[in-house]
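Turn this into a structure:
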Amino acid sequence: MLNIRNIALMAHVDAGKTTLTERILFQSGVKRTLGSVNEGTTETDSLDVERARGISVISSLVSFEFGGVTVNLTDTPGHTDFFSQTERAFLALDACIVLVSASDGIQPGTETVIEYARENDVPILFFINKCDQNPSGRSEVLAQLKEALGGSVFDYAADKYETAALFDDDIAENFLSGAAEDTNAVNKIIAEKFKTREIYPVLCGSAQTGEGVSALMDAIADIMPPPDESAVNPAALSGVIFSVVHDKTFGRGALTRLYSGKLSVRDTLNFGGQTCKITIIKRQVNGKLTDAKELSAGGIALVFGLTNCRTGDCIGDKTLLPKRAAAELTKKALLTAQITPDNEADKAALKNALEMLSAEDPALEVEWDAVLGKMRVNLMGTIQKETLPAIIEQRFGLKVTIGETEIIYKETLVKPAAGFDAYTMPKPSWAILTFQLTPLPAGSGITYKCSAGPARLAYRYREQVAQSIAPSLKQGLWGWEVTDMAIELTDGEDHPIHTHPLDFTIATPLALFDGLRNGGTKLLEPVLSVKFTFEKTHLGRIISDIIKKRGQTGEQTYHGDNIILNAEIPLAEFLDYPQTFASVTSGHGVINQKLLGYRDCPPHLGKKMPRRGVDPNDRAKYILAARHALGGTVFE
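Take a look at the predicted model:
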C-alpha cells in the first residue's frame, strides 16, 4: 500500500481552513511556532494581499509526515471569486476535509464544495470548527449535515465503533456483547466505507485552540484512502497538472499528480504539441522543496521543463485518469474589464505577466487587441478585481488599473444558413469552403463535422479547417463568443499548385462569418440559479424584487421560521442585489448562487463588444492582415 494521502481542506470563506492547516503543520512538527492569519504569519498565505485581507486567494500545497504516512495537503480559498482554485484541487486529491463553522453552520460555500465533491465521487470527512466559540454548535451542525446527507453522517469520536458494526458481522457481535473495540478492524471497515462514499465521518474541535486536531490527524492516517494502486498501470503514463507556478530561477513549473507510470529527470515528453525534456523534479518534504530523481504513481511533485504547460493539462493518457482528474475545468468568469498599466511603457511587461497568470489560472482569460494595444481580463467577481492589481504589483513590480466590469455575453445563430468563401486572390492562394450552420439548443456548445468528399478537399487540409473553428468563433457579429451551433463542412476545394495549408486558416473565418451574416445572431446573457434563505416574513418583498429583476421564482421550502426560495435571475440584474437582500433581511438572510446557463437577452438590454483585431467582415483588409501585410488578425 502507498503510504500517501492526497487531500484538501475546503470550506466557506472564514471557516478556518488556513488556521487549521497552520495547526496541523505545527502539531506534525513541520513548524516550530504557530502562525496566525490575523498577524499574517501563516505558511500557506504567502501573498501580501492574503496577509492584509486575512483570506486565501490561491491554493497552497504543503507536505508533512505523520502516523507513518506522507500527507500532501492543499489549503484552498473559500471565497466564491476563487472557487476555480478549489475546483483544480480536485484534480489531485483522493479525499477532502470540509470545514463547517460551529457558529455559522452550513453556508453557501459549504454546499458548493459538498455538491462538487459528490459529483466527482470524492470522499468527504467533515470537521466542525470553532467549537470553542459556540459549543452548542456541534450538535446543531451535525444535525444540519444529517439533514443534508442522510443517515450516512455520523460522529466519528462517539459512534465509530457502532457505525463499523453496521457493515461487519464480527464487529457487530463484539459491539452488541460489550466487547472492547478492535481498533484495527474498526478502522479497516470505516476506511473501506469512507472510500466508497457510503459514510461521512464528522469530527469536532477548534483549529484556534487545537482541540480535536490530533484526532483529525489520526483520522487522516487511519481512514483516508491512499492512491488507488489497482488503477495503476506501471507501463502507461497518466497524470494531471493541477497548478502552475513560476520560479525566478527555474522558470515555469508544473505541480503534477501522477496517477500511473513514472516521470524521471531527462525524460522526453510530447507535450502541448512539442517535445519537452524534464529538467528538474522537486518534491515537498515536511514543508521544504527537495530535488528528486523521479515521480512515481500516486505522488505529487513540482516538474520543470514542460514548456508552455497550463493548469489542467494532462500528461500521458487521459483515459487512465479517474473521473475527478479527467473533468474539464468548468468554472468560467462571467465578468470582463479593461486592464491598463499606470506606465504606458509597461504594456508589453503587463501582457507577459497576464499570460503567466492565465497559465496558472485558466479562468483568468486575457484578451489582447494588438491593433489598439488594449488588454481585457475576465474576472470572477469584485474581490478578484480588487486583489489582482496587488498580486501583479507584488509579483511583477507593475502598477495597474482595472476599469469597470461588464457582463460577458455570448451569441448564437438565429436561423439555419450556409456560409461560403472562395479565397483565391491574391496568388498564390486557393481555399474554397462551404459550411452549413444550424442552431442548437441552449447549452449544446459548438459541434463540427466534415462531410465533404476527399475528391473535393484533401485530407491534409481538413485539420487546418478543424483547428480554425474555435478561434474563429471567439468573436461573432456582436463581438462575443458564438455558441450553441452545429457546423458542417459540406464542400471545399483546394488547388494542387496554389494551395498552402494556411489558406484554409484564412478562409475558415471568412466562410463562417458569411454564414453568421446570412443566419443572423442574437445575444445570450448569463442566468444564475439562486437559492435564498430568509425569514418567511420577507417573502412578499423578495418575490417582488425577483420579478422586477426579470427573474422567475421556483420551489419554496419551509424550515421553521425560515423559507428557502429558489429562483432564476439574469446576472446583469443580480450583481448589486446581495446588498439589498442583506438590508431587507437585516443581515440574517443567506444567498447561494451558481451559473444556470445562458438564455436569450432582450436586444435593448444587451451590449456589443468592440472587435479585437481585424474584422473578417472587412474581407479585403482581413486578408491583408492575415497575410501579415497589416497588423492584427481575427485570432488576436
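
Count the neighbours of K608 for me.
12 (other Cβ atoms under 10 Å). All C-beta atoms are positioned from the backbone trio N, CA, C, and that covers glycine.

Contacts only, for it.
Neighbouring residues of K608 by Cβ atoms under 8 Å, 6 or more residues apart in numbering: 478-479.

just E525 next, same as before
Residues in contact with E525 (Cβ under 8 Å, 6+ apart) are 407, 409, 570-572, 598-601, 605-606.

which one of these is nearest G298?
Within the contacts of E525, the smallest distance to G298 is 39.6 Å, found for Y598 (Cβ to Cβ).

Nearest spatial neighbour of the closest one, chain-adjacent residues omitted?
The spatially closest residue to Y598, leaving aside those adjacent along the chain, is L524, at 4.0 Å (Cβ to Cβ, 6 or more residues apart in numbering).

Please spell out the ChimeraX selection for the buried subset of the contacts of E525.
Per 16 or more other Cβ atoms under 10 Å, the buried members of these correspond to this ChimeraX selection:
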select :407,409,570,571,572,598,601,606
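
Serialize the contacts of E525 to a markdown table and add fields for distance to Y448.
Putting the contacts of E525 into a markdown table (distance: Cβ to Cβ, whole Å) gives the following:
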| residue | distance to Y448 |
| --- | --- |
| I407 | 27 |
| Y409 | 23 |
| P570 | 30 |
| L571 | 29 |
| A572 | 31 |
| Y598 | 20 |
| R599 | 24 |
| D600 | 24 |
| C601 | 25 |
| L605 | 31 |
| G606 | 26 |
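
Just the contacts of E525: which are in strands?
Assigned to strands by DSSP state E, the following of the contacts of E525 qualify: 407, 570, 598-600.

Any chance of those residues in a markdown table with distance to R462 and pLDDT as columns?
Formatted as a markdown table, the ones in strands among the contacts of E525 follow (distance: Cβ to Cβ, whole Å; pLDDT from 0 to 100):
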| residue | distance to R462 | pLDDT |
| --- | --- | --- |
| I407 | 36 | 93 |
| P570 | 40 | 96 |
| Y598 | 30 | 95 |
| R599 | 34 | 95 |
| D600 | 34 | 96 |
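
V400 contacts T340, correct?
Yes: under the criterion of Cβ atoms under 8 Å, V400 makes contact with T340 at 6.6 Å.

Looking only at neighbour counts, state which of those two leads.
With neighbours defined as other Cβ under 10 Å, V400 and T340 compare such that V400 has more, 22 against 16.

any idea how far the more buried one lies from A422?
V400 is 45 Å from A422, where distance means Cβ to Cβ, to the nearest Å.

tell me what the helix or strand containing G239 is packed against?
According to DSSP states H and E, G239 maps onto strand 238-247. On a contact count with 3 or more Cβ pairs under 8 Å, 6 or more residues apart in numbering; DSSP states H and E, strand 238-247 meets helix 83-89, strand 251-260, strand 314-316, helix 347-360.

now it and helix 347-360, what's the angle there?
150 degrees (axes from the mean of the first three to the mean of the last three Cα atoms, to 10 degrees).

What residues sit buried inside strand 238-247?
Judged by neighbour count using 16+ other Cβ under 10 Å, the buried positions of strand 238-247 are 238-245.

Please enumerate the strands of the stretch 251-400 of the chain.
Per DSSP state E, counting those that start in this stretch, the stretch 251-400 of the chain carries strands over the ranges 251-260, 262-264, 268-271, 274-277, 280-285, 288-292, 294-296, 300-304, 314-316, 335-341, 366-369, 374-379, 400-402.
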